[in-house]
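Engineer: Provided below are the primary sequence and the corresponding predicted coordinates.
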Amino acid sequence: TKAKEFFLGKEKILPNEITQEVKLQFKETKTDTLFIRADYALKYGEVAKLMGQLKKAGIFKIALVTEIEK
């Protein structure tokens, strides 16, 4: 979010737990692609930083979800 809060689905997650939780979800759902949706007001650098952290943890299939501005 704009306030730099992280969610996995609707569940709020602490920043230091993101990679662990994503890997757990991958095992449970048998998927290997993470879809990231970020607040429009959040600087892209923050999103890129998260993506780098995820890639270091071995999560390579990352897709950005976009919405049409109304």
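Structural biologist: Noted; the coordinates are in hand.
Engineer: list the beta-bridge partners for the residue nearest the centre of the chain.
Structural biologist: Central residue check for the chain by CA atoms, centre = their mean: the C-alpha nearest the mean position is that of residue 36, 4.4 Å away. Taking DSSP bridges as the rule, residue 36 bridges to residue 64.
Engineer: show me the contacts for it.
Structural biologist: Neighbouring residues of residue 36 by CB atoms under 8 Å, 6 or more residues apart in numbering: 47, 50, 51, 62, 63, 64, 65. For the C-beta atoms, the positions are set from N, CA and C on the backbone; glycine is no exception.
Engineer: quick one: which of those is nearest residue 27?
Structural biologist: Set against residue 27, the nearest of these by CB to CB is residue 62 (17.2 Å).
Engineer: residues in contact with the residue lying closest to residue 32 once chain neighbours are set aside?
Structural biologist: Distances taken as CB to CB, 6 or more residues apart in numbering put residue 61 closest to residue 32, at 5.3 Å, once the chain neighbours are dropped. Residues near residue 61 by CB under 8 Å, 6+ apart: 32, 33, 34.
Engineer: shouldn't the first one be in contact with residue 22?
Structural biologist: Read it as residue 32. No - contact criterion CB atoms under 8 Å: residue 32 and residue 22 do not qualify, at 10.3 Å.
Engineer: looking at the two, which is more packed in?
Structural biologist: residue 22 (17 against 9; other CB atoms under 10 Å).
Engineer: using CSV, write out every CA atom in the helix or strand harbouring residue 21.
Structural biologist: Using DSSP states H and E, residue 21 falls within helix 18-29. The C-alpha coordinates for helix 18-29 follow below in CSV (Å, rounded to 0.1, in the frame of the first residue of the first chain):
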residue,chain,number,x,y,z
ILE,A,18,7.1,-12.0,2.8
THR,A,19,9.5,-14.4,1.1
GLN,A,20,8.8,-17.2,3.6
GLU,A,21,5.0,-16.7,3.3
VAL,A,22,5.1,-16.6,-0.5
LYS,A,23,7.1,-19.8,-0.6
LEU,A,24,4.6,-21.5,1.7
GLN,A,25,1.7,-20.4,-0.5
PHE,A,26,3.5,-21.7,-3.6
LYS,A,27,3.7,-25.1,-2.0
GLU,A,28,0.1,-25.1,-0.8
THR,A,29,-1.3,-23.9,-4.1
